[in-house]
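**Q** missing the sequence, but the structure's below:
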């Protein structure tokens with residue numbers, strides 16, 4: 001027993017020494033924040049991979065508590081893990097891009113773990129890379145505890161004096177340190193009573209994300225002072241979602257001379273637009289600043305207000321109105337290479353062709369034929385039944401001019417060369433009006449000599465066995481083909497890029513020629529011969545039109561003109577026309 005106690009006392013120093021060595025190691029391990037954070041990050045990403053989003057979030061929140069004791073590279077890795085969790089776990093692209101940007105501001109070399117990456121994560125990470133700049137990083141890092149730096153929430157450059165040594169402040173202005181991201185920014189100034197008599201107007205000059213070209217924002221009277229608000233649309237916060245807004249204030253007298261100011265273009269105030277920031281209070285008598293939510297895809301005008309138009313100065317970082325680019329000279333100009341065609345703005349000519357059909361009334365034709373001495377006469381009655389009939393292959397021409405946007409005046413014409421070649425088959429008797437000389441020599445050379453028929457029936461009997469009884473078609477001159485002319489207006493109720501959808505209507509004069517089956521056998525061949533009625537004289541025209549311009553001055557057009565013809569027989573005609581439109 002004594003030997004055992006003696007041996008224990010001999011080994012006690014060794015145990016004490018080993019224990020003394022192990023305790024600092026253990027304590028050191030527990031007090032190493034970098035190792036602890038990296039372990040928590042790994043734990044979080046493992047939980048994320050196993051779809052345990054609650055566990056992943058809890059581990060990162062615990063790791064964030066070590067932020068004051070971390071180096072920039074470790075804190076950057078923590079924010080990258082947050083970015084992966086936001087987009088991969090919760091589908092929140094905005095928060096993911098924000099945390100990726102913070103990570104890159106802390107350590108520009110940080111990367112997403114390839115085993116955790118995905119196409120969606122890569123897109124947001126690359127978007128964050130494109131946004132990293134000194135002003136944005138200054139605004140973002142001002143809202144977190146940065147290792148090795150004194151924490152402070154305000155990114156504002158404190159006011160140290162007037163713009164110039166002899167220009168005093170306009171009054172009391174407290175620059176805000178932060179505003180919640182995506183919200184309008186209110187700015188307020190209490191005018192110094194001693195300056196009120198010399199100040200005619202006050203202007204806020206502001207710019208996004210450290211830009212160089214400041215925009216003017218007039219201040220207006222509000223309560224005892226003056227206020228202005230950088231808004232969603234006029235101020236363009238909705239469009240650009242800035243991470244910081246820099247500004248300064250200038251006051252002018254009635255002659256346009258600078259009399260007071262706060263900060264300057266070389267040393268402006270800077271407000272951080274931070275997701276975690278509190279809302280700024282509203283201006284006196286005004287509504288609270290509103291959130292500049294993304295524009296819905298069905299509203300193309302949302303967020304475009306305030307962008308410079310063609311000929312105005314511009315900033316390449318903020319761009320120009322739709323269809324324009326900020327050119328090399330710093331002026332908005334047409335983006336010819338990118339803009340959609342819009343079609344002609346003044347003159348245009350439409351030329352097309354197609355086919356048509358009509359519904360017409362019954363029409364009776366009376367042809368009185370007399371012999372040479374006028375004693376004997378016959379009456380031939382052609383009956384055109386009511387119903388539908390083919391209207392040939394017409395061409396249509398329209399020359400138009402826009403009186404105002406969307407409303408044009410047109411002169412149009414309908415012509416049909418094909419129908420002009422058709423005539424009613426006629427017997428030799430009808431073709432010559434029963435003239436014996438013409439029957440014998442002009443059209444019917446085999447007319448029996450010495451026979452002097454007094455009636456058509458006698459003539460038919462005398463030539464029953466000859467070719468003279470067959471039809472003779474007298475061709476009409478193309479100068480007398482049927483045509484239709486209209487004066488009409490066109491209204492484009494849809495204009496989107498090169499697409500135009502319209503309605504048109506007007507009045508006109510003319511006829512339309514139809515081919516219908518007749519009721520009489522005029523040439524004795526046993527068949528009922530077709531007739532070609534030409535109803536019309538006056539008409540009313542209505543119809544829809546569709547055009548698409550693949551160039552400002554060249555496009556295709558499809559129309560369905562509907563004509564109501566009356567006075568000399570009536571008809572309702574439908575044409576289907578397709579062709580080309582040329583603008584000037």
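**A** Good, I have the coordinates. Since this is a predicted model, take the numbers as computed values, not measurements.

**Q** what's the local residue count around residue 283?
**A** Neighbours of residue 283 under the rule other CB atoms under 10 Å: 20. (Each C-beta comes from the backbone N, C-alpha and C, glycine too.)

**Q** in which helix or strand would I find the residue nearest to it when sequence neighbours are not counted?
**A** The shortest distance from residue 283 to any non-neighbouring residue, by CB to CB, 6 or more residues apart in numbering, is to residue 227 (4.1 Å). Using DSSP states H and E, residue 227 sits within strand 225-230.

**Q** what's the mean pLDDT across that strand?
**A** The average pLDDT within strand 225-230 is 92.

**Q** report the strands that pair with that strand, each with its relative direction.
**A** The pairing partners recorded for strand 225-230 under DSSP bridges are strand 185-191 (antiparallel), strand 220-222 (antiparallel).

**Q** wait, residue 388 sits on residue 358?
**A** Yes. Proximity of residue 388 to residue 358 meets the contact threshold set by CB atoms under 8 Å, at 6.9 Å.

**Q** of those two, who's got more company?
**A** Under the neighbour definition other CB under 10 Å, residue 388 and residue 358 were set side by side, and residue 358 has more, 23 against 14.

**Q** am I right that the more buried one falls within a strand?
**A** Yes. Assessed by DSSP: H, G, I helix; E, B strand; the rest coil, residue 358 belongs to a strand.

**Q** wait, it sits on residue 570?
**A** No. Using CB under 8 Å, residue 358 makes no contact with residue 570, being 9.9 Å away.

**Q** remind me which helix or strand residue 418 belongs to.
**A** For residue 418, the enclosing helix or strand under DSSP H and E is helix 417-420.

**Q** domain ranges for the protein?
**A** For the chain, the structural domains run 26-141, 171-306, 347-425+473-583, going by automatic domain parsing.

**Q** dump these into CSV; add distance to residue 326 as well.
**A** Converted to CSV, the domains of the chain look like this (distance: least, CB to CB, whole Å):
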stretch, distance to residue 326
domain 26-141, 18
domain 171-306, 10
domain 347-425+473-583, 22
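
**Q** to residue 324, which of those domains lies closest?
**A** Of all the domains of the chain, domain 171-306 sits nearest to residue 324, with 10.9 Å by CB to CB.

**Q** just give me the neighbour total for residue 112.
**A** As a burial measure, residue 112 scores 18 neighbours (other CB under 10 Å).

**Q** please tell me how far it sits from residue 95.
**A** According to CB to CB, to the nearest Å, residue 112 stands 15 Å off from residue 95.

**Q** what's the answer for residue 117, then?
**A** To residue 95, residue 117 is 18 Å away according to CB to CB.

**Q** where along the stretch 451-584 of the chain do the helices fall?
**A** 456-462 (DSSP state H, counting those that start in this stretch).

**Q** where does pLDDT dip in it?
**A** Across the stretch 451-584 of the chain, the ranges flagged by pLDDT under 70 are 451-481, 518-526, 529-531.

**Q** what do you get for the stretch 101-250 of the chain?
**A** Judged by pLDDT under 70, the stretches of the stretch 101-250 of the chain that qualify are 134-135, 139, 142-166.

**Q** and the strands in it?
**A** According to DSSP state E, counting those that start in this stretch, the stretch 101-250 of the chain carries its strands in the segments 171-172, 178-180, 185-191, 201-208, 215-218, 220-222, 225-230, 244-252.

**Q** paired strands for the second one, with orientation please.
**A** Based on DSSP bridges, the strands next to strand 178-180 in the sheet, each with its direction, are strand 269-274 (parallel).

**Q** now do the strand it pairs with against strand 244-252, angle only.
**A** Orientation check (axes from the mean of the first three to the mean of the last three CA atoms, to 10 degrees): strand 269-274 against strand 244-252 gives 150 degrees.

**Q** quick one: strands adjacent to whichever helix or strand comes after strand 269-274?
**A** Next helix or strand after strand 269-274 toward the C-terminus (DSSP H and E): strand 324-326. Next to strand 324-326 in the sheet, as set by DSSP bridges, lie strand 332-334 (antiparallel).

**Q** the helices in the stretch 1-150 of the chain, which residues?
**A** Applying DSSP H, counting those that start in this stretch to the stretch 1-150 of the chain gives helices spanning 2-31, 33-49, 53-64, 72-90, 93-106, 119-131, 134-141.

**Q** dump those to a markdown table, plus mean neighbour count and distance to residue 514.
**A** Output for these, formatted as a markdown table (neighbours: other CB atoms under 10 Å; distance: least, CB to CB, whole Å):
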| stretch | mean neighbour count | distance to residue 514 |
| --- | --- | --- |
| helix 2-31 | 9 | 102 |
| helix 33-49 | 18 | 77 |
| helix 53-64 | 18 | 76 |
| helix 72-90 | 22 | 69 |
| helix 93-106 | 23 | 65 |
| helix 119-131 | 15 | 64 |
| helix 134-141 | 20 | 75 |
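
**Q** can I get those helices in JSON lines with distance to residue 487?
**A** Below are the helices of the stretch 1-150 of the chain laid out as JSON lines (distance: least, CB to CB, whole Å):
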{"stretch": "helix 2-31", "distance to residue 487": "94"}
{"stretch": "helix 33-49", "distance to residue 487": "72"}
{"stretch": "helix 53-64", "distance to residue 487": "70"}
{"stretch": "helix 72-90", "distance to residue 487": "62"}
{"stretch": "helix 93-106", "distance to residue 487": "57"}
{"stretch": "helix 119-131", "distance to residue 487": "57"}
{"stretch": "helix 134-141", "distance to residue 487": "62"}
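
**Q** among these, which is nearest residue 558?
**A** That would be helix 119-131 among these, by CB to CB, at 41.2 Å.
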